[in-house]
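Trainee: Take a look and give me a structure for this.
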Amino acid sequence: MNGLDFPAVSPVIFTIGPLAVRWYSMAYLFGILIGWFLLTRNVRKNALALTKENIEDLVFYITLGVILGGRLGYGQETYLRHPLQIFAVWHGGMSFHGGIAGVILALWYFSRKIKYPFLGLTDLVVLYAPIGIFLGRLANFVNDELWGRPADVPWAVKFPNSGYVPRHPSQLYEALTEGLLMFLILNWLWRYKSVRSRTGTVSAVFAILYAVFRMSMEQFRQPDAQLGFFFGHVTMGQMLSLPLLIAGLAVLWAKLRPSRSRSA
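Mentor: Residues are numbered from 1 along each chain as shown. Okay, the predicted model is just below:
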C-alpha cells in the first residue's frame, strides 16, 4: 500500500500522576501566550489607546470566547448536560466557527465595557488568531484526527484511526494556509498606516481569507462522519464559511468604497 507511515508521535507530551499534558491543550495555551506577547508589542509600537490592564482583560475575554464558543459549537447537547466538560479542552472537540462566534460576542461586550471601537479590537485580534489555528491544526495531525480524504499523492499519510488508508494530510494543508500564510498576509497589510487607519479592513480580509482557504481545503478533508455531505458534495465547513465570506466582503466594500464627498 502506498503512502507515508504516520509518525510515531504521542498525543501526550508527558504525564504527572493522573494528569496527562497533551499537545492539543498546549497548542491553545502557546497560541494565546504568543498572541498576548505580540499584541502587547503591537499596542506599544503603534501607541494604541489600550492599557496593560486592558490587554490582560482582552486576552481573558478572548480565551473565554474561544473555549465557550468552540466547545458549544462542537457538542452543544453534551456540554449543556455536563457544563464543566466545556473547559476540558485536553479531551479535544472544538468548533472553529463556534469559536469565532464566541470571540465576536466577547469582543463586542469588551469594546462596550472599555469604550473602544469594536472593529479596532477585532483588527488586533485577527492578526494573531492564525497562530492558534496553525498550532491547533498541527495538534489535530498529532492526534490522528480530522484527516483528509483518500489520496494517491506521494505525501499521503496512513493514519491509524482511518484504517491505514493513505489520505491527504489536510490538517497540515490547513495549518499552512489558514495559519502560516494568513498570518503573513495580515501582518504584511498591518504594516501600512493607510490600512490601519481604515478600521475593520484587516478584520474583513481575515474573514475573506479564512473562508476561501477553509472552503478550498475542505475539498481535501474528510467530512465529519455524523454529518457527511450536503447536496451531494458540500461540507458543513464550507456552508459555515460562506456567511463569513459574505460578511468579510461587505465590510471590505464599505471600508474601501470612495466617500460621497470625495466622489462628488
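Trainee: How many residues are close by Glu178?
Mentor: Glu178 has 25 neighbours, counted by other C-beta atoms under 10 Å. Glycine gets a C-beta too; all of them are placed from N, C-alpha and C.
Trainee: from what I can see it touches Val212, true?
Mentor: No: applying C-beta atoms under 8 Å, one finds Glu178 not in contact with Val212, separated by 9.7 Å.
Trainee: Asn46 and Val195 touch, don't they?
Mentor: No: using C-beta under 8 Å, Asn46 makes no contact with Val195, being 12.0 Å away.
Trainee: the more surrounded of the two?
Mentor: Counted by other C-beta under 10 Å, Asn46 and Val195 do not tie: Val195 has more neighbours, with 17 against 11.
Trainee: Mind pulling up the pLDDT for that one?
Mentor: Predicted confidence (pLDDT) for Val195: 94.
Trainee: Just list the residues touching the closest residue to Asn143 other than its chain neighbours, thanks.
Mentor: Nearest-residue entry for Asn143: Pro11, 4.9 Å, with adjacent residues in sequence omitted and distances by C-beta to C-beta, 6 or more residues apart in numbering. Taking C-beta atoms under 8 Å, 6 or more residues apart in numbering as the criterion, Pro11 is in contact with Arg22, Trp23, Tyr24, Ala139, Val142, Asn143, Asp144.
Trainee: can you count the residues close to Arg191?
Mentor: 8.
Trainee: For it, give its distance to Arg198.
Mentor: Arg191 sits 14 Å away from Arg198, going by C-beta to C-beta, to the nearest Å.
Trainee: so Ile13 sits in a strand?
Mentor: Yes: secondary structure of Ile13, determined by DSSP: H, G, I helix; E, B strand; the rest coil: located in a strand.
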